[in-house]
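Colleague: What follows is a predicted structure for the sequence shown.
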Amino acid sequence: MKVIPVYLPQFHCIPENDRWWGKGFTEWTNMKSAQPLFEGHNQPRVPLDNNYYDLSDIATLKWQCELARKYGIYGFCMYHYWFSGKTLLEKPMEMLLAHPEIDIHYCISWANGEWRDAWKRKDTKQSKILIFDDYDDEQLWVDHFNYMLPFFKDKRYMREDGKPILVIYAPHLIPKLNKMLDLWDTMAKENGLSGLIYIYQSAASSLDRSWDRSRFTYGVEMNPGYAHVVGTSNHNQYKLRLIKIVNHLKRKLNIKRSLYISRSVSQIKHVDYDQVWQKILSLRPEEGQNTIPCAFTDWDNSPRFGKNGIVYDGVTTQKFYHYFALLCQNAKKYYKSDKVFVFAWNEWAEGGYLEPDQLYGLGFLEAIKKVLDEEQYGTE
C-alpha cells in the first residue's frame, strides 16, 4: 500500500510573499498568530520541540524524508506552483531533485489556479487576485513541460506502468485541457518516456461534471472536501460552472478583482470528525470511474481565516488509526488500489499534518505505521 501525503512548500521566504503578506512571511506566520476561539480550541498548534523549520535548508528536507520513510510513507505529492512561466515556492522540490541521495518517492501536483489575498480581508468578497495563469498560451505549455521533465526522469519519481504520474489539482479550470495534455504526453514520448499518467485532485474538479475526464487515469477523493461534495445538487453544479466561466473571462480581460464569493465573517463553523469519516468510509468508486481513496488527519483553518474558519471536533490519533485501517481495507476491496492519499504531510494552517506536534506527538505517523505493519502492506 503506497501511502502518499500531500506536501506544502510554504515554509520558506520568497519575495512575492514578502510583498503580499509582509516581510518574512511563511506558513508559520499564520500559525504563531493563531488564537483559541472557544473553550478547548486546539490553537495555536505548536510543532514538536518548537521545530518551526525553514524549507530552504536541506537539513529540513532530509529530516522530513527520513521521518516519512521511517513510518511507512511511500512518498510525497508535492504542490508545484506555475503561473504563466513563473514558479513560486519551487525551492524544496528543486533541492530534492538536486540531492538524489535522499530516499523518498515523490510526484508533482500542479496547484493550478489563482492566488488571492482573502486571508487578510474581513470581507472575502472583496479579495483581489495576486497571480494567475494564462492557460491559453500554448508556448507556455511547452515551457511548463520542459520545466517538469527533469523531475519526470528522476528515478525516485512516482510511476505507474513506467509512466510518470502528474497530478493536476483543478483541471476543470483549464479551457483547452485535452490539447495541453495530449501535447505533454507526446513530448514525454519524444523524451524517452512511455507517456504520462494524469490524476485530478480537487473536490471541485470531482464535483464539476462539465469537463472531459478521458485523459485522466484516476481522480483523488480529496478529503475532507470530497466527502462534502458527493451527491451535491444540480443547482451547485450550475453555480460552479458559472464561477468557472466568470473566472475565465476575468483572466482574458486581465481583471484583478475576484468575483468568487466566499463566506462573510461570522462565527467559526464546527464539523463532527467522526461523521465525516463515516461518510468517507461509505464511499465507493462510481461506475466507470477510477478513484483513489484519501484519508485526512484533521482540519482547522482558523489560523488563516479566524472566526470565518472551519474546525473539526472530536479528533484523536486513536480514531485516525481506526479509520485509516478501514480505509486501507476499502482501498483493496472496492477501489482495487495500491495507493492511498493523505491530507496532509504539513498543511499546518489547515490543521492537516502528519508531522509531530506538541499535542499529538508522533501519533498520526505511528497510526499509519501500525496499520501498514498489521496488514503487512509494506512500503515498496
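Modeller: Nice, I can see it.

Colleague: Now do stretch 78-86, average pLDDT.
Modeller: In this model, stretch 78-86 carries a mean pLDDT of 97.

Colleague: CA atoms only for that stretch - export them in PDB, please.
Modeller: The C-alpha trace of stretch 78-86 is given here as PDB (Å, rounded to 0.1, in the frame of the first residue of the first chain):
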ATOM      1  CA  MET A  78       4.400  17.900  -3.800                       C
ATOM      2  CA  TYR A  79       2.500  21.100  -4.700                       C
ATOM      3  CA  HIS A  80       4.000  22.900  -7.600                       C
ATOM      4  CA  TYR A  81       3.100  26.500  -8.400                       C
ATOM      5  CA  TRP A  82       3.400  27.600 -12.000                       C
ATOM      6  CA  PHE A  83       1.800  30.800 -13.300                       C
ATOM      7  CA  SER A  84       2.500  31.600 -16.900                       C
ATOM      8  CA  GLY A  85       6.100  30.700 -16.700                       C
ATOM      9  CA  LYS A  86       6.600  32.000 -13.200                       C
END
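
Colleague: Same question for that stretch: list its buried residues.
Modeller: Across stretch 78-86, burial judged by 16 or more other CB atoms under 10 Å covers Met78, Tyr79, His80, Tyr81, Trp82, Phe83. No exception for glycine: its C-beta is placed from N, CA and C like everyone else's.

Colleague: Need the max-distance pair from those.
Modeller: Between any two of the buried residues of stretch 78-86, the greatest separation by CB to CB is 16.7 Å, found for Met78 and Phe83.

Colleague: count of residues packed around Gln201?
Modeller: By other CB atoms under 10 Å, 27 other residues sit near Gln201.

Colleague: Over to the one 10 residues further on?
Modeller: Trp211 is surrounded by 18 other residues when neighbours are defined as other CB under 10 Å.

Colleague: Which pLDDT does the model give it?
Modeller: 96.

Colleague: re earlier: need the buried residues of stretch 78-86 in CSV with distance to Gln275 and secondary structure, can you?
Modeller: Compiled in CSV, those are given as follows (distance: CB to CB, whole Å; DSSP: H, G, I helix; E, B strand; the rest coil):
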residue, distance to Gln275, secondary structure
Met78, 31, strand
Tyr79, 28, strand
His80, 33, strand
Tyr81, 33, strand
Trp82, 37, strand
Phe83, 37, strand
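
Colleague: Turn the residues you listed into CSV, including distance to Asp54.
Modeller: Listed next are the buried residues of stretch 78-86 as CSV, based on distance: CB to CB, whole Å:
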residue, distance to Asp54
Met78, 17
Tyr79, 17
His80, 20
Tyr81, 18
Trp82, 23
Phe83, 24
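
Colleague: hey, where'd the helices end up in this protein?
Modeller: 15-21, 27-33, 58-70, 91-98, 138-152, 177-190, 203-207, 225-229, 234-253, 273-282, 302-305, 317-330, 363-375 (DSSP state H).

Colleague: among those, which gets the worst mean confidence?
Modeller: Least confident of those, judged by mean pLDDT, is helix 234-253 with a mean of 50.

Colleague: from the chain's centre, how far out does stretch 276-289 sit?
Modeller: Centroid separation for stretch 276-289 versus its chain: 19 Å, with CA atoms, centre = their mean, to the nearest Å.

Colleague: same thing with stretch 173-183?
Modeller: For stretch 173-183, the distance to the chain centre is 21 Å (CA atoms, centre = their mean).

Colleague: what's next to that stretch, contact-wise?
Modeller: 112-113, 135-136, 138, 141-142, 145, 168, 171, 196, 198, 211-212, 214-215, 244, 247-248 (CB atoms under 8 Å, 6 or more residues apart in numbering).

Colleague: number of nearby residues for Arg209?
Modeller: Residues near Arg209, counting by other CB under 10 Å: 11.

Colleague: Pull up the gap between it and Ile310, please.
Modeller: 25 Å (CB to CB, to the nearest Å).
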